[in-house]
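**Q** test case, fold it:
(2 chains)
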Amino acid sequence: MTTKTWRLFWGSGPARVPLQNGVGRYVQQLQRITFKFCKTHGGSLGMREYIEKDLVEFARHNPGVVVYLKPRRHRSPCLKAEYLNGEDDYISTQKHTCEDIKKWVEYLRCRSGYPVEHLINYHHTDHPSIQGPWTPWLHRDHKLNVVQYPNEELSTAHKVKKTATEELMELYEKQKMLTEMEKTS
Amino acid sequence: MATKLKLGHSLCTSLLTRVARKQLTVRNINTTASVFAIEARWTAPYLRDLAKRKKIMEEKGLFPQDKRSEYIEWNYDAELYAFGKRLQEEFEDEVLRAALTDASYIRQEIQRQQDLGVSSPALMMSSNEELSDGGAKVITDYSSKFLRAALPLFPEEGISAVTEYLSSEVVLAEVGFGIGLRDLILCQEHPPAPSTAARALQAVVGALHASSGLARTQAFVRDFVLAHLSGKDINSIWKVEDPMKVLSGILARSGCGEPEPRIIFQSGKNTIQAVYQVGIYTDKNFIGSGYGETVGEAVEQATHDALRRLFHTTDSTTPLPFGPAAADLTLKESSNLTLQDWSLEKAKNVVSC
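**A** Residues are numbered from 1 along each chain as shown, chains lettered A, B, ... in the order given. Below is the predicted model:
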């Protein structure tokens, strides 16, 4: 998928953080996660394995996340994550292996709840410059404060390039010097 | 026959059934579309109109929203446990429950029991009114002490304006919703009104005060409520009214000359893009500068800039201390200088102590 398509459909923006998270202390944004699965169907095999092996450890390491298990007969398994900003995310785990589910749970655990966007900036500030805005008068030569106008020197055209005459004169001078040097040696 | 077809059409209908049905159908306006699993031509406009009506209802707040607590997967005890753990705080269970119970919920429950014929309804619940009063006191008290210590030269009027902003309903509700109170508050209305959320957050602060002591509560207020000021311009929260009068008062009390605005630079005079830079001087010393489209505007901006420089609240000031830096801050009980008393002599004393 190209960047353009991503921006068109999923939007773009700077990196955001909810509620100045991390300025004071860090608060995990995932508030609850629901594992929906079937107790008998083969599609939920990986999910059942995850629940047996890894779920208790996940819950132990994340006491701030409420974990719900919702068995549903003959329905495909999925993960539903709810975040503090009121958003939720849903991931279908039909026929996923235990390892896949582990990775998806980790993905949901680390998210902020904001939609996945194309980041236009990795940093953001509300005050781009603490020195104030640039103006045409910034860093101006202080001599200009006491100049009397009209001023002849400041009114002349600003020279950018040498004129053809000046270049010829320079060449002539150079040549003259060389010939003099030859004579003396 | 047409209705039968309409009911039957769907994308997953197999081709065979579709062909079989086609042979049976009497041709009408929808026939061709439906047998090939194409929606009728009125379907899209119909759905579009429904979506439009739904949007209007949502904007007006009339669209019913699901209560999370009514789902089958809901465990209030687990939610309360996780709430404390998430914020890295220890709450006493009873107090936290009281903090999250709004008075309107208890009224509603009593009414419900009376409607069911219970003559003397017995509810073992207490509302968060007392706790929220206590919490509100902690928030205002700590905010003002913290701000006084962090901004020692900022006038007391400004400190109280910023404190008022921090304990306003809008800020507290935003913080409350941000730490997940939306689903946890027990109240009559759904979703909880901002005023309810603000009260609940104050009550949570009160509950923390009752459970873990003042030091933890102050850290909580700093990390969640005061952190709201990070990235915000404190001068836009409190604006000095009639800045020139204030500035000349301060300078007179400090034994300096009258403030004298002078144009430093100007450009585009008498055009639509005119811009002036004005500097404020006292006894030929530069004390501030500002820009404006007119001279009057530029003078006002320059005066504000001079005051910002005096109060040490310019854009380049050190940010407010949060996180580890806040631990070293000594809270200031006594009030800052007021605008009436503010002078350079007194300000020097503030800095040295």
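
**Q** just checking, what's the longest strand in chain A?
**A** Using DSSP state E, we find that the single longest strand of chain A is strand A:30-37.

**Q** the spatially most central residue of chain A: what's its closest spatial neighbour, skipping adjacent residues?
**A** Nearest residue to the geometric centre of chain A (Cα atoms, centre = their mean): A:Tyr122, 2.4 Å. Distances taken as Cβ to Cβ, 6 or more residues apart in numbering or on different chains place A:Ala15 nearest to A:Tyr122, at 5.7 Å, with adjacent residues excluded. Heads up, the C-betas are built off the backbone N, CA and C, glycines and all.

**Q** pLDDT wise, what is that neighbour at?
**A** If you check A:Ala15, the pLDDT there is 84.

**Q** over to the residue in chain A positioned nearest to chain B: give its phi and psi.
**A** Among the residues of chain A, A:Gly24 lies closest to chain B, at 2.6 Å counting by Cβ to the nearest Cβ. A:Gly24 adopts backbone torsions of phi -90, psi -70, taken as degrees, to the nearest 10.

**Q** neighbours of the nearest residue to it once chain neighbours are set aside, how many?
**A** In space, and not counting its chain neighbours, A:Gly24 is closest to B:Asp223: 2.6 Å by Cβ to Cβ, 6+ apart. As a burial measure, B:Asp223 scores 22 neighbours (other Cβ atoms under 10 Å in any protein chain shown).

**Q** wait, what's in contact with B:Asp223?
**A** Contacts for B:Asp223 (Cβ atoms under 8 Å, 6 or more residues apart in numbering or on different chains) come out as A:23-25, B:322.

**Q** JSON lines for the residues you listed, including secondary structure, neighbour count and distance to A:Tyr114?
**A** Shown next, in JSON lines, are the contacts of B:Asp223 (DSSP: H, G, I helix; E, B strand; the rest coil; neighbours: other Cβ atoms under 10 Å in any protein chain shown; distance: Cβ to Cβ, whole Å):
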{"residue": "A:Val23", "secondary structure": "coil", "neighbour count": "21", "distance to A:Tyr114": "17"}
{"residue": "A:Gly24", "secondary structure": "coil", "neighbour count": "22", "distance to A:Tyr114": "19"}
{"residue": "A:Arg25", "secondary structure": "coil", "neighbour count": "17", "distance to A:Tyr114": "19"}
{"residue": "B:Phe322", "secondary structure": "coil", "neighbour count": "20", "distance to A:Tyr114": "22"}
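
**Q** let me know the closest of these to B:Val205.
**A** A:Gly24 (13.9 Å; Cβ to Cβ).

**Q** any idea how many residues pack against the residue in the stretch 51-200 of chain B positioned nearest to chain A?
**A** In the stretch 51-200 of chain B, the residue that lies nearest chain A is B:Arg86 (3.2 Å; Cβ to the nearest Cβ). For B:Arg86, the count of nearby residues is 21 (other Cβ under 10 Å).

**Q** who's in contact with it?
**A** Contacts of B:Arg86 by Cβ under 8 Å, 6+ apart are A:27-28, A:31, A:63-65, B:179-180.

**Q** give me that answer again for 10 Å
**A** Applying Cβ atoms under 10 Å, 6 or more residues apart in numbering or on different chains, we find B:Arg86 in contact with A:27-31, A:62-66, A:84, B:179-180.

**Q** distance of B:Leu50 from chain A?
**A** B:Leu50 is 23 Å from chain A, where distance means Cβ to the nearest Cβ, to the nearest Å.

**Q** give me the element that residue is part of.
**A** B:Leu50 belongs to helix B:43-60 when elements are defined using DSSP states H and E.

**Q** please state the offset of that helix from the chain centre?
**A** 30 Å (Cα atoms, centre = their mean, to the nearest Å).

**Q** C-terminal to it, what's the next element?
**A** That would be, after helix B:43-60 and using DSSP H and E, helix B:76-86.

**Q** what residues sit buried inside that following helix?
**A** B:79-86 (16 or more other Cβ atoms under 10 Å in any protein chain shown).

**Q** picking up where we left off before, identify the residue nearest the residue of the stretch 51-200 of chain B closest to chain A in space, chain neighbours excluded?
**A** Using Cβ to Cβ, 6+ apart and skipping the chain neighbours, the partner closest in space to B:Arg86 is A:Gly64 (3.2 Å).

**Q** same question for B:Ile250.
**A** Leaving aside its chain neighbours, B:Ile250 sits nearest to B:Trp342 (5.3 Å; criterion: Cβ to Cβ, 6+ apart).

**Q** can you check B:Leu80 too?
**A** Nearest one to B:Leu80, counting by Cβ to Cβ, 6+ apart, is B:Leu96 at 5.8 Å.

**Q** ditto for A:Gly13
**A** A:Glu117 (5.2 Å).

**Q** and that neighbour, its phi and psi?
**A** When read as degrees, to the nearest 10, the backbone of A:Glu117 gives phi -120, psi 170.

**Q** residues near it, how many?
**A** If we define neighbours as other Cβ under 10 Å, then A:Glu117 has 15 of them.

**Q** show the contacting residues for it.
**A** For A:Glu117, counting by Cβ under 10 Å, 6+ apart, the contacting residues are A:6-7, A:10-16.

**Q** ok, B:Thr140 next?
**A** B:160, B:163-164, B:166-167, B:221.

**Q** TSV for these, including distance to chain A?
**A** Output for the contacts of B:Thr140, formatted as TSV (distance: Cβ to the nearest Cβ, whole Å):
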residue	distance to chain A
B:Ser160	23
B:Thr163	17
B:Glu164	20
B:Leu166	13
B:Ser167	17
B:Val221	9
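
**Q** okay, now B:Tyr71: neighbour count?
**A** With other Cβ under 10 Å as criterion, B:Tyr71 counts 12.

**Q** test my guess that it contacts A:Val66.
**A** No - under the criterion of Cβ atoms under 10 Å, B:Tyr71 is not in contact with A:Val66, lying 11.9 Å apart.

**Q** so what's the residue of chain A closest to chain B up against?
**A** When contacts are counted by Cβ under 10 Å, 6+ apart, A:Gly24 touches B:219-228, B:230, B:322-323, B:326.

**Q** quick check on the residues you listed: which are buried?
**A** By 16+ other Cβ under 10 Å, the contacts of A:Gly24 give B:219-228, B:322, B:326 as buried.

**Q** interface residues of the stretch 51-200 of chain B facing chain A?
**A** B:68, B:71-75, B:77-89, B:174-175, B:177-184, B:191 (Cβ under 10 Å from any Cβ of the partner chain).

**Q** format the contacts of B:Thr140 as TSV; extra columns: pLDDT and secondary structure.
**A** Converted to TSV, those look like this (pLDDT from 0 to 100; DSSP: H, G, I helix; E, B strand; the rest coil):
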residue	pLDDT	secondary structure
B:Ser160	96	helix
B:Thr163	97	helix
B:Glu164	97	helix
B:Leu166	97	helix
B:Ser167	95	coil
B:Val221	96	helix
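
**Q** and of those, the nearest to B:Ser248?
**A** Using Cβ to Cβ, the contacts of B:Thr140 come closest to B:Ser248 at B:Ser160, 23.5 Å.

**Q** the closest residue to the closest one other than its chain neighbours: how many residues sit nearby?
**A** Excluding the flanking residues, the one nearest B:Ser160 by Cβ to Cβ, 6+ apart is B:Ser144, at 6.9 Å. B:Ser144 is flanked by 23 other residues according to other Cβ under 10 Å.

**Q** could you do B:Thr217 as well?
**A** Using other Cβ under 10 Å: B:Thr217 sits among 24 other residues.

**Q** doesn't B:Val205 make contact with it?
**A** Yes - the criterion here is Cβ under 10 Å, and B:Thr217 meets it with B:Val205 at 6.1 Å.

**Q** which neighbours do the two have in common?
**A** Common contact partners of B:Thr217 and B:Val205 (Cβ under 10 Å, 6+ apart): B:134-135, B:138-139, B:142.

**Q** list only buried entries from those.
**A** The buried subset of the shared contacts of B:Thr217 and B:Val205 - by 16+ other Cβ under 10 Å - is B:134-135, B:138-139, B:142.
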